[in-house]
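In: pasting the structure only:
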């Protein structure tokens, strides 16, 4: 099926023949689900008209929808493309206990690898919820470097050999973080000792991610941090294999040399039939909540000597924002803790003032806010790029970690919408699965996944199905300056849509996680069909 998706589009890149879809229930926008048409005309990959009893051009190719529902395709507004593709080559540690992790490593060692890399451990699932110890890994091997990334990607657990190779033996951890665990600062050095994927491997990883995303209803993603080499390979892969997907790329500000090169070249937009864009800069300001790297003014409730990690000073953040803006780039700032979000909002206002909304600055995650911050974000027009599934994953321990008062405005979608904050939804894959349905479930229920009888996490912040799906479509498009050609099925926009057997807007919470897309269309052409 993988190659069929790609060949289907590759044989149709000319878009010479108009396409007429009929006998369907076609919803042009998640904002207006009551407006249903039966017919859709597509030419050159774009919507021409929707309605009933449309007049047709000559030589039109007709497609009977057989009474199925049609909705705009979805966008993942925050994912990590190559990390998602690379994860399948690493040890899968998601949800594992320490004994299970030990067995997984021993199994890997039996194959005599040069290095072991894993992803997905979470100390919050273990008795005591404490960070793991270096002795645990050293007892398993002292001849093979081991690097195991935490589920949030903001911490890694390494053995002594890996620390030595990365030059991190003298790293001074904050109090409460044991030797062998690297939180944010130092991660790049650990990553540098991991053998990189070849260009061919990168191409295969990209295609694997795309095909999985198409099967879940995505035809577009915003890639939160890419290197110059990865961008070149991505561009080549799209061109060679006619990848039926749209990529909105963010250059990482963590590599200053790379950033200078990207800023000098300027934004690259609407490449390859609007499938590739590079016009944003991703800036990290703090770490993650799960590894206590999220930045707060007051200490963590469960670790009173720790307030989180500030990766950049306000002055450094302002400098990066001004440099990026002067070169025509949008700015996306990673901020999770309340203090980090306060710094981001303050610097945005300082740099742009009343013109902030026109720049559409994004806060990636915007996870723990306050009432005053939410009001200010609405006044300034700052985009909240959020991943609702994190609420389901994190809510069982958030109050224990930061207290009920701060937790009240964690993942506060209803408050953000009421303050007219532009909202865009994503998955943060590979931190979470590259599929929109768990995020939709989280947004409308605020429950742990598969736990419809559990107590909801501050249920007053729930939003409706159409509001959540709008954040995965129109909101995501707006957050990337793409609302003129993506997000809805309107004349002049790309004909990217889903064919489904149910009205998405009427799904019950218990049905969302089991939902399956029947077909996905990209520029009017079918690129996925459920077996």
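Out: The structure has been received and is ready for your questions. The shown structure was predicted, so the numbers you read here are calculated from the model rather than taken from an experiment.
In: drop to CA atoms for contacts and neighbour counts, all remaining ones
Out: OK.
In: Quick one: neighbours of residue 193, just the number.
Out: 16 (other Cα atoms under 10 Å).
In: Pull the contacting residues for it.
Out: Listed by Cα atoms under 8 Å, 6 or more residues apart in numbering, the contact set of residue 193 reads 162, 165-166.
In: Can you give the strand pairings for the host helix or strand of residue 225, parallel or anti for each?
Out: Taking DSSP states H and E as the criterion, the element that holds residue 225 is strand 218-226. Using DSSP bridges, strand 218-226 pairs in its sheet with strand 74-79 (parallel), strand 246-252 (parallel).
In: what comes up buried for that strand?
Out: For strand 218-226, the buried set under the neighbour-count rule, 16 or more other Cα atoms under 10 Å, comprises 218-226.
In: contact partners of it?
Out: When contacts are defined by Cα under 8 Å, 6+ apart, strand 218-226 is touched by residues 73-81, 213, 244-252, 281-282, 435-436, 496, 522.
In: again, 7 Å this time
Out: Here strand 218-226 makes contact (Cα atoms under 7 Å, 6 or more residues apart in numbering) with 73-81, 245-252, 282, 522.
In: now that we have the contacts of residue 193, which one has the most neighbours?
Out: Looking at those with neighbours defined as other Cα under 10 Å, the largest count falls to residue 162 at 24 neighbours.
In: Would you verify that that one is located in a helix?
Out: Yes - counting by DSSP: H, G, I helix; E, B strand; the rest coil, residue 162 is found in a helix.
In: wait, it sits on residue 144?
Out: No - with contacts counted by Cα atoms under 7 Å, residue 162 stays clear of residue 144, the gap being 8.0 Å.
In: Residue 26: helix or strand, and which one exactly?
Out: Secondary-structure assignment from DSSP H and E places residue 26 in strand 25-27.
In: Tell me which strands that strand pairs with, and in which orientation.
Out: Partners of strand 25-27, by DSSP bridges, with direction: strand 36-37 (antiparallel), strand 69-72 (parallel).
In: contact partners of the longest one?
Out: Pointing back at strand 69-72 there. Contact partners of strand 69-72, identified using Cα under 7 Å, 6+ apart, comprise 24-29, 487-489, 496-503.
In: Using neighbour counts, pick out the buried residues of that strand.
Out: Counting neighbours by 16+ other Cα under 10 Å, strand 69-72 gives 69-72 as buried.
In: Over to stretch 178-193?
Out: Of the residues in stretch 178-193, those with enough neighbours to count as buried (16+ other Cα under 10 Å) are 178-187, 190, 193.
In: before we move on, back to that, would you format the strands paired with strand 25-27 as JSON lines with distance to residue 173 and mean pLDDT included?
Out: Rendered in JSON lines, the data for the strands paired with strand 25-27 read as follows (distance: least, Cα to Cα, whole Å; pLDDT from 0 to 100):
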{"stretch": "strand 36-37", "distance to residue 173": "58", "mean pLDDT": "96"}
{"stretch": "strand 69-72", "distance to residue 173": "47", "mean pLDDT": "98"}
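In: Tabulate those (a markdown table), appending distance to residue 111.
Out: Converted to a markdown table, those look like this (distance: least, Cα to Cα, whole Å):
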| stretch | distance to residue 111 |
| --- | --- |
| strand 36-37 | 57 |
| strand 69-72 | 46 |
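In: Verify the contact between residue 77 and residue 426 for me.
Out: Yes - using Cα under 7 Å, residue 77 is in contact with residue 426, at 4.4 Å.
In: that older thread, among the buried residues of stretch 178-193, which one sits closest to residue 473?
Out: residue 184 (31.2 Å; Cα to Cα).
In: Helices of the stretch 101-250 of the chain, start to end?
Out: For the stretch 101-250 of the chain, applying DSSP state H, counting those that start in this stretch gives helices covering 134-138, 160-166, 187-192, 199-216, 228-241.
In: want to throw those into CSV with mean pLDDT and distance to residue 451?
Out: Converted to CSV, the helices of the stretch 101-250 of the chain look like this (pLDDT from 0 to 100; distance: least, Cα to Cα, whole Å):
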stretch, mean pLDDT, distance to residue 451
helix 134-138, 96, 33
helix 160-166, 96, 39
helix 187-192, 92, 34
helix 199-216, 97, 21
helix 228-241, 95, 38
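In: Which stretch among those helices approaches residue 63 most closely?
Out: For these, proximity to residue 63 was assessed by Cα to Cα; helix 199-216 is nearest, at 20.0 Å.
In: Measure how that closest one sits relative to strand 74-79, angle-wise.
Out: Here helix 199-216 points in a direction 130 degrees away from that of strand 74-79 (axes from the mean of the first three to the mean of the last three Cα atoms, to 10 degrees).
In: Output the contacting helices and strands for helix 199-216.
Out: Applying 3 or more Cα pairs under 7 Å, 6 or more residues apart in numbering; DSSP states H and E, we find helix 199-216 packed against helix 81-86, helix 228-241.
In: Name the stretch among those helices that sits most buried.
Out: Each of the helices and strands packed on helix 199-216 was assessed for mean neighbour count using mean count of other Cα atoms under 10 Å. The highest is helix 81-86, with a mean of 21.
In: what's the next secondary structure element after that one?
Out: Following helix 81-86 toward the C-terminus (DSSP H and E): strand 91-92.
In: can you give me the mean pLDDT across that next one?
Out: Averaging pLDDT along strand 91-92 gives 94.
In: Please work out which residues outside it touch it.
Out: With contacts defined as Cα under 7 Å, 6+ apart, strand 91-92 is touched by 117-120.
In: Strand partners (parallel or antiparallel) of that strand?
Out: Using DSSP bridges, the strands paired with strand 91-92 are strand 116-121 (parallel).
In: Domain-wise, how is this structure divided?
Out: As assigned by automatic domain parsing, the chain contains the domains 2-73+492-529, 82-192, 218-280, 285-428+437-471.
In: quick one on the thing from earlier: which of the helices of the stretch 101-250 of the chain sits closest to residue 380?
Out: With Cα to Cα as the measure, helix 228-241 is the member of the helices of the stretch 101-250 of the chain nearest residue 380 (31.7 Å).
In: And the closest one, how far out from the chain middle?
Out: For helix 228-241, the distance from its own C-alpha centre to the chain's C-alpha centre is 20 Å (Cα atoms, centre = their mean, to the nearest Å).
In: Packing partners of it?
Out: Under the contact criterion of 3+ Cα pairs under 7 Å, 6+ apart, helix 228-241 touches helix 199-216.
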